[in-house]
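Participant: Could you look at this predicted model? Sequence included:
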Amino acid sequence: MPAFIAGAAWIDSKGSSVYPSTPNIAVCQMNNSSAQVVMKSLNPTLSFQVADVNRLPLFPIANADDIFAQVESAFTVHESHHEISVEFRQPGPSPWRAAQAWAQVAVDRPENSPLPEYVEELDPEPPTDHVSFAVGVALGRFGASGEGILDPRTGEPTALAAGIDAADSRSTPGSSNEIPDASAFGSPALPHGILFLDGALDGHDLRDSLGHPAVKIILDTWETYGPDITSGKKQHTPVRDWLREKFFSDVHRQMYENRPIHWPLSSAKKTFVAWVTIHRWDESTLRVLLADHLAPTLTRLDGELDDLRTARDGVDQRAARAAADRFSDVKKWREELAEFITQVEQCADHGPPPTSPDAKKCPPREVDAPYAPDLDDGVMINSAALWPLLAPQWKDPQKWGTELALSKGKKDYDWSHLAMRYWPTRVDEKCQKDPSLAVAHGCFWKYHPARAWAWELRLQDEIGPDFRIEEAPYRGDAGDVELRAAFIANHPDEAIEAVEKEVKRRLRKHEEPLQEMRLLEPGIWSAEPYRCYELELTVLEKQGVEFHILAPDEPESRAEFESSHPDHVTRRKSLLAKAEEKLLFPDAAPAKKKRKNATKKNAARRKKATTPDAVE
């Protein structure tokens with residue numbers, strides 16, 4: 001079904017888009033049942049093409065503005081209550097289903113029929129939405145009062161949540177890995193985005209994260225919605241148990257379509273679970289988990305075991321039996337926690353273990369390195385490096401860990417930062433052969449300087465004249481500045497050849513004549529003055545307008561070249577004289593060029609007459 005997309009969006013071959021002058025009318029016309037029948041008749045497959053849309057007859061829809069406005073309003077409300085939306089504010093009922101049904105009736109109604117009355121119908125949200133929201137607030141993902149998504153660096157509402165157009169914002173929600181310490185986080189959320197749950201505690205013992213003031217919203221929400229969530233059970237499930245055992249599988253993983261943003265790091269039997277939100281995760285998170293939560297819990301269990309041994313060996317037989325029974329449970333919890341701590345230390349300091357003892361099925365990591373998540377790698381890759389900690393609740397990371405280690409075919413993830421972190425030699429060898437991987441890992445200039453130079457020239461035209469492909473030092477080099485200078489100094493022929501190709505591309509692309517091309521780096525004019533000057537004359541002759549290649553070393557090199565090549569100066573003056581003559585007598589343009597321009601204009605008129613709106 002055709003949909004309206006507001007603002008910036010990515011499109012592809014499977015997301016063909018229409019750019020009408022009146023989107024409200026186009027949306028109503030294309031969602032009309034008759035239009036959909038015609039479209040399916042023109043192309044019975046699932047992949048509609050541009051030509052199919054161009055042939056679609058459009059029927060006038062009365063009250064299109066009113067229909068579109070109502071649908072857009074309902075969708076705005078729906079998105080503000082939909083947690084995975086960037087426009088999410090807080091849970092609430094949704095009018096979206098009913099609004100779509102009303103709009104379909106409205107666009108399909110017979111001609112001259114009145115617009116049916118819109119009566120709002122709200123689908124209630126499930127009670128789990130409120131608990132999920134409360135968890136997000138406690139972890140610092142959302143504002144408690146409907147502020148929406150919070151900036152993980154500051155705890156303040158993001159640009160989108162604050163109502164600032166995304167195009168006017170230089171940051172993307174959750175896009176930065178520069179996470180400050182917990183004291184800098186503005187929201188009253190859990191420190192470091194960690195919610196630690198200790199299943200060895202009694203229900204009313206809040207010595208884990210449930211005792212933190214930021215978690216009060218979870219406790220209060222559970223009091224309200226917990227009975228509905230656990231209805232049908234013999235007794236009301238405590239919130240600590242539900243969050244440890246059910247929240248991920250029953251709610252969060254499904255809500256986020258297996259790309260969850262809160263991860264349950266769990267001991268083998270889920271007695272100890274630490275919920276961590278990925279947008280506040282940094283290199284220190286696992287160490288903080290160990291120091292602030294797991295180590296103190298281990299100390300507490302050791303102390304309890306000592307007390308139980310004393311009671312078990314005491315003279316009070318009744319207390320001794322009770323102590324013996326409790327001792328067995330606490331001992332098992334202590335062993336489970338100790339194993340969990342070992343796994344956390346392994347991932348934090350060294351990296352993930354192989355998913356299989358067979359090196360052919362899962363090669364071990366090449367080097368030890370601390371776990372350092374990068375949001376650019378995505379949920380799948382970042383979770384793969386923590387698979388032992390996630391396996392009790394989420395099996396997919398173990399599979400992804402195997403794929404990351406094998407790096408084969410379509411499951412080759414060596415573009416990721418984590419692959420470079422744990423298999424640097426393998427990834428570096430690929431970077432030397434594949435420029436796209438070199439770009440991803442910041443060694444484009446090191447291994448593909450000619451390609452980097454050509455891309456930089458093009459992007460200076462498409463992005464901005466001061467654009468540079470900047471890279472930090474990589475494996476002993478000095479970064480892009482020295483590598484760029486070395487390429488120009490050592491391969492000036494390749495550097496000027498790239499300039500020549502870029503000038504030709506710009507001549508094809510731009511309708512207006514090129515007056516200059518500005519090079520940010522010195523060296524090319526000094527090394528290749530003849531080719532620089534010849535390129536200027538070629539462009540001047542082609543477009544009939546003066547053209548200069550400018551660079552820091554251009555004035556001195558030009559003066560020296562012109563003093564020793566007076567014939568080139570004379571030729572330039574001759575070409576300029578011819579160009580001025582053409583400006584004085586524009587009708588003297590060659591007949592071939594006139595015919596070519598006329599053909600282009602006629603083709604443009606025919607296309608405009610047959611295609612009312614641009615389709616892409």
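Facilitator: That came through fine.

Participant: So what touches the host helix or strand of Glu580?
Facilitator: Element membership for Glu580, per DSSP states H and E: helix 566-584. If you take CB atoms under 8 Å, 6 or more residues apart in numbering as the criterion, helix 566-584 is touched by 533-534, 536-537, 540-541, 544-546, 561-562, 588-589. Heads up, the C-betas are built off the backbone N, CA and C, glycines and all.

Participant: rerun at 10 Å
Facilitator: For helix 566-584, contacts defined as CB atoms under 10 Å, 6 or more residues apart in numbering pick out 513, 529-530, 533-534, 536-538, 540-546, 561-563, 565, 588-589.

Participant: List the contacts of Leu190.
Facilitator: Contacts of Leu190 by CB under 10 Å, 6+ apart are 137-140, 182, 196, 209, 212-215, 275-277, 280.

Participant: Buried ones from those residues, can you make that a ChimeraX selection?
Facilitator: Selection of buried members from those for ChimeraX, criterion 16 or more other CB atoms under 10 Å:
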select :137,138,139,140,182,196,209,212,214,215,275,276,277,280
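
Participant: from the contacts of Leu190, which two are the most distant?
Facilitator: For those, the farthest-apart pair by CB to CB is Pro213 and Val276; their separation is 19.0 Å.

Participant: how about the strands in the stretch 301-450 of the chain?
Facilitator: Here the stretch 301-450 of the chain has no strands by DSSP state E, counting those that start in this stretch.

Participant: Oh, that last question was meant for the chain, not what I typed.
Facilitator: 18-19, 194-198, 262-266, 272-277, 516-518, 548-550, 614-615 (DSSP state E).

Participant: May I see the buried residues of the fifth one?
Facilitator: The one in question is strand 516-518. Met517.

Participant: Ala498 versus the residue lying closest to Glu546 once chain neighbours are set aside, what's the distance?
Facilitator: Leaving out its chain neighbours, the residue that sits closest to Glu546 by CB to CB, 6 or more residues apart in numbering is Leu540, at 6.0 Å. As judged by CB to CB, to the nearest Å, Leu540 and Ala498 stand 20 Å apart.

Participant: Poorly predicted segments of this protein, please.
Facilitator: For the chain, the stretches flagged by pLDDT under 70 are 1-16, 46, 159-187, 232-235, 583-616.

Participant: Go again with 80.
Facilitator: Within the chain, the ranges that satisfy pLDDT under 80 run 1-19, 39, 45-59, 159-187, 232-236, 315, 581-616.

Participant: Spatially central, which residue of it would that be?
Facilitator: Nearest to the geometric centre of the chain sits Asp376, at 6.3 Å (CA atoms, centre = their mean).

Participant: and the gap between that residue and Ser416?
Facilitator: 8 Å.

Participant: So for the two, which residues contact both of them?
Facilitator: In contact with both Asp376 and Ser416: Asn382, Ala440, using CB under 10 Å, 6+ apart.

Participant: for this structure, longest helix please?
Facilitator: The single longest helix within the chain, with elements called by DSSP state H, is helix 317-349.

Participant: Can you check what angle separates it from strand 194-198?
Facilitator: Here helix 317-349 points in a direction 150 degrees away from that of strand 194-198 (axes from the mean of the first three to the mean of the last three CA atoms, to 10 degrees).

Participant: Remind me what helix 317-349 packs against, helices and strands.
Facilitator: Contacting helix 317-349 under the criterion 3 or more CB pairs under 10 Å, 6 or more residues apart in numbering; DSSP states H and E are the following elements: strand 262-266, strand 272-277, helix 285-289, helix 295-312, helix 387-390.

Participant: Buried residues of it, list them for me.
Facilitator: Buried residues in helix 317-349 (16+ other CB under 10 Å): 323, 326-327, 330, 333-334, 336-337, 340-341, 343-344, 346-348.

Participant: Now do it: distance to the chain's middle.
Facilitator: Distance of helix 317-349 from its chain centroid, counting by CA atoms, centre = their mean, to the nearest Å, is 41 Å.

Participant: for stretch 477-484, same thing?
Facilitator: Average the C-alpha atoms of stretch 477-484, do the same for its chain, and the two points are 28 Å apart (CA atoms, centre = their mean).
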